[in-house]
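Asker: pasted the sequence and its predicted model underneath.
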Amino acid sequence: QEAHELEADRTSTATPISCQGNLEVTLEAVAPDGSRFGRVSTDFVGPRCNAWDVVGTTDIAIATVEVVGGGLGNVTATCPGDLHIVGGGFIYNRLGGPEIAPEGRYPIIVGNRPVGDGWQVTVAPPPGLDIVAQAIAVCLPRGPTTVVESTTVGPAEGSRTQVSCPPGTVLTGGGWWADVLMEVDQSWPDSDSGAWVVSGHGEPALETGGVRAYAVCLQTDRLESTLVYTSTEIAAGGCAAVSSPSCPSDGLLTGGGLAIEPISVSASTPEESAEGDDRPGLWTVLVDNTDVVSALVASAAICLVVP
């Protein structure tokens, strides 16, 4: 046998690997006569995907309106550019005057729902209580999203309806619309069926009442939605911010919901879960229990995750 020392041809290249992608690398030696030997192959697997690697990161749009007590106000936050609505919420604050109207009543959130590529909030403050209300839209750069809805008319003491996303889509958020004098006490993703559930109750003078449920659904075959929530009891006369747990570290918050007993709720909104993280990661509900008994409040966040 004869030994030949071959001069190395040192060439390097960098090839990016997409998340959860595969790259096959083959190395082989080539003799001066062109014959090949010493073949070695190996596979590289890219890092696990985060939800935002698949659909991009969320953007928040906010719109504000002032509403005079005794009136009805509408405000819509529209997703900018080519972004698509995936969820939304609301915040309201008093605009001078008392925190609660003289009769002890509080503003009713008539609507908290997707409209086009935006989020619309409709609020009816009682006479004597002027407010400023905000609609908050959660938007994504990748879609499309589809809005489905369902309406139920039932006895005023309790109307309930739900709506599910069509096949090939996942739930990202939801909301409601309620008839006049109806108050929504649940707008919530069902953890078992994946449907968006809305229930409400009306005043004694109202014989029948209707609530409408809206679900926002994202077309994707690479993600699924998961629900994280918490509940707490608010003492009589107390107020509190009830926040859901944070979405998983590789997940993306797209919407949220609430379940409350008949007390004042002044916000249902996305919030950052950690300082310095510009993506919202949890859902917060602000309540004021003006009743003489304690009340149970729950806050839920919908998170997109890679299975």
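Answerer: Yes, it's here. The shown structure was predicted, so the numbers you read here are calculated from the model rather than taken from an experiment. Numbering: from 1, shown residues only.
Asker: just for the stretch 151-300 of the chain, where's the confidence low?
Answerer: For the stretch 151-300 of the chain, the stretches flagged by pLDDT under 70 are 154-157, 204-207, 274-278.
Asker: can you give me the strands for it?
Answerer: Per DSSP state E, counting those that start in this stretch, the stretch 151-300 of the chain carries strands over the ranges 159-163, 169-178, 182-189, 196-202, 208-219, 224-234, 239-243, 252-260, 264-272, 280-288, 295-305.
Asker: which other helices and strands does the third one contact?
Answerer: Meaning strand 182-189. Judged by 3 or more Cβ pairs under 8 Å, 6 or more residues apart in numbering; DSSP states H and E, the packing partners of strand 182-189 are strand 108-115, strand 169-178, strand 196-202, strand 208-219, strand 252-260, strand 295-305. The way it works is simple: take the backbone N, C-alpha and C, and place the C-beta from them, glycine included.
Asker: and for Thr64, the neighbour number?
Answerer: 12 (other Cβ atoms under 10 Å).
Asker: so it sits against Gln134, correct?
Answerer: Yes: using Cβ atoms under 8 Å, Thr64 makes contact with Gln134 at a distance of 5.0 Å.
Asker: overlap of the contact sets of those two?
Answerer: Val75 (Cβ atoms under 8 Å, 6 or more residues apart in numbering).
Asker: what's across from Gln186 in the sheet?
Answerer: Ser199, Ala259 (DSSP bridges).
Asker: that one: neighbouring residues, count only.
Answerer: Using other Cβ under 10 Å, Gln186 is surrounded by 18 other residues.
Asker: related to what we said a few turns ago, now render the strands of the stretch 151-300 of the chain as a markdown table, adding distance to Thr57.
Answerer: Output for the strands of the stretch 151-300 of the chain, formatted as a markdown table (distance: least, Cβ to Cβ, whole Å):
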| stretch | distance to Thr57 |
| --- | --- |
| strand 159-163 | 27 |
| strand 169-178 | 14 |
| strand 182-189 | 22 |
| strand 196-202 | 24 |
| strand 208-219 | 14 |
| strand 224-234 | 17 |
| strand 239-243 | 21 |
| strand 252-260 | 7 |
| strand 264-272 | 13 |
| strand 280-288 | 10 |
| strand 295-305 | 11 |
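Asker: and Trp119, which of those is closest to it?
Answerer: Among the strands of the stretch 151-300 of the chain, strand 169-178 comes nearest to Trp119, with 7.6 Å by Cβ to Cβ.
Asker: show me what that closest one is packed up against.
Answerer: For strand 169-178, the packing partners by 3+ Cβ pairs under 8 Å, 6+ apart are strand 84-94, strand 108-115, strand 182-189, strand 196-202, strand 208-219, strand 224-234, strand 252-260, strand 295-305.
Asker: dump those strands to JSON lines, plus distance to Arg279.
Answerer: As requested, those are exported to JSON lines (distance: least, Cβ to Cβ, whole Å):
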{"stretch": "strand 84-94", "distance to Arg279": "13"}
{"stretch": "strand 108-115", "distance to Arg279": "20"}
{"stretch": "strand 182-189", "distance to Arg279": "20"}
{"stretch": "strand 196-202", "distance to Arg279": "23"}
{"stretch": "strand 208-219", "distance to Arg279": "16"}
{"stretch": "strand 224-234", "distance to Arg279": "15"}
{"stretch": "strand 252-260", "distance to Arg279": "7"}
{"stretch": "strand 295-305", "distance to Arg279": "11"}
